[in-house]
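Student: Provided below are the primary sequence and the corresponding predicted coordinates.
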Amino acid sequence: MAQTFISGSRNPYLPLSVYIPDGEPKLYDGRVYLYGSKDVFDGEYCSDKYHVYSAPEDNLSEWTDHGPSFASTSAYLDEGIQDGVPWSDGLLYAPDTVKRGDTYYLYFCLSDGSEGVAESRYPHGPFGNARRMTMNGEPIVGIDPSVLKDGESYYYTWGQGKCHMAELNNDMCTLKSSTYVDALISNADGCQGFHEGSSLRKIGDWYVVVYASEYTLRYPNHGGAPTCLDYAVSKNISGPYERRGTIIDNTGIDPQSWNNHGSILKIKDQWYVFYHGSSNNSRYARRARVERIEVDEANGYIRTAQMTSNGFARALNPEDELPAAYGYRVWGGAYFTEKDGSFPLVNVKNGASVAYRYYDFGEKRNWDILLKGRFFHRGEIAVAVNGEIRARLPTENSGPSGISAPLDDLGGLADIRLFFHAAHGSDLLELDTIRFAKR
């Protein structure tokens, strides 16, 4: 059953209890639809069902969960969703959709490597009549399908290590072998660093492949994971493609950050990149994230974006009580988790830190910072505003209302970073919320 909620213009932009990675956004009839796989907290990659989320294009803080839209098992019969995949009970990995005529086609892949397509009269499903994707009568094997309508033709990409592409036939489930490209982009030496997660889109006259990249792994201190969403462009859909750079890097959202997956979409004259970030000190429990991006449509360039805590919004309201898990980056082993209905920052030891950006404090005035949580040991929290230490909070003075400190002459946009210091190696605290109050 559909359920609508207000995100408060924060990042992640879905409720913190909702774990939707591999986001592919589409704009249908004035609404933005998000298609992705579905993680389960304290689980591993993905699950056996999809949910579809949507928001009006003129109100990107009001999202609707349309409920289960497709499943690969019979576990959701009581929610009205049949077992949609007759050939497999595998987990459902990253999907994409396209509309042709009055039908919406859902392209999906499973943990056993098979790929398929289902259909619906509605963009949110439920989707049915699933068929396997084939070429020359043989099933397609791989992960992470993507589809682009270009004129009257529809093009399909998929793969890991190599991004394959072919044109779809009119039945929307078979591929024209005469159009097959084995390596539209790849991770071979001298190429574009393709890992997985292709998303074929178009910017002006440029064809664009957005993908999880291994390109930066050759540089030291990057973490050895495909955390970057890179992009490559061509004036010809079949290539050759030139890697242009990185759109977003999710390094640091969690100590165990592993991959990234997403795409780009223009909404009301503003471009956005949709991506995900993990949590719970794991590669999993990935949440849907978004950032504004600058795109040069004429020349096919996208400026690298920063991770933020505000996502669709231009800034956070400092007077809102913000759950700790809206931080955009952590250091020193701290991480965000889900615990007893809240979403705290935990494993906070000496030398750990967390950051939030951007807050809009408006005209300069005096403020107080207020932190709530559980404070275990004597220590100190240093508060940096745009890189400058502006306050220090001793944790031994905490009470039921938390701890606070003055921040004088604070105004404009600010990146807030909290540095945690303790006298020993035990956990200093668990942080629940952060808020600012005018004085």
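Tutor: Looks like it came in fine.
Student: the residue most central in space within the chain bridge partners, please.
Tutor: Geometric centre of the chain, nearest residue: His276, 2.0 Å, by C-alpha atoms, centre = their mean. With DSSP bridges applied, the residues forming beta bridges to His276 are Ala288.
Student: same thing with Cys228?
Tutor: Going by DSSP bridges, Cys228 forms beta bridges with Ser213, Asp249.
Student: I'd like to know how far it sits from Ser177.
Tutor: Distance from Cys228 to Ser177, counting by C-beta to C-beta, to the nearest Å: 32 Å. To be clear about C-beta, it is placed using only N, CA and C from the backbone, and glycine gets the same treatment.
Student: surely Asn129 is in contact with Ala118?
Tutor: Yes. Counting by C-beta atoms under 8 Å, Asn129 touches Ala118, with 6.2 Å between them.
Student: counting neighbours, go ahead and name the busier of these two.
Tutor: Legend: neighbour count by other C-beta atoms under 10 Å for Asn129 and Ala118, higher for Ala118 (24 against 11).
Student: the more buried one - that's part of a strand, no?
Tutor: Yes. Assigned with DSSP: H, G, I helix; E, B strand; the rest coil, Ala118 falls within a strand.
Student: and it, what does it touch?
Tutor: Counting by C-beta atoms under 8 Å, 6 or more residues apart in numbering, Ala118 touches 70, 84, 105-106, 108, 127-131.
Student: the least confident helix or strand in the chain by mean pLDDT packs against which elements?
Tutor: Within the chain, no helix or strand scores below strand 3-6, which has a mean of 82 by mean pLDDT, DSSP states H and E. Judged by 3 or more C-beta pairs under 8 Å, 6 or more residues apart in numbering; DSSP states H and E, strand 3-6 is in contact with strand 62-71.
Student: now the strand it packs on: buried residues?
Tutor: Counting neighbours by 16 or more other C-beta atoms under 10 Å, one finds that the buried residues in strand 62-71 are 63-71.
Student: how distant is it from the center of its chain?
Tutor: Chain-centre distance of strand 62-71: 17 Å, with C-alpha atoms, centre = their mean, to the nearest Å.
Student: what's in contact with it?
Tutor: With C-beta under 8 Å, 6+ apart, strand 62-71 has contacts from 1-7, 13-14, 18, 48-56, 76, 79-85, 92, 106, 108, 118, 120, 124-127.
Student: what lines up beside that strand in the sheet?
Tutor: Strand 62-71 is paired, per DSSP bridges, with strand 3-6 (antiparallel), strand 49-56 (antiparallel).
Student: the more surrounded of Cys228 and Ser177?
Tutor: Each of Cys228 and Ser177 has its neighbours counted (other C-beta under 10 Å); Cys228 has more, 27 against 12.
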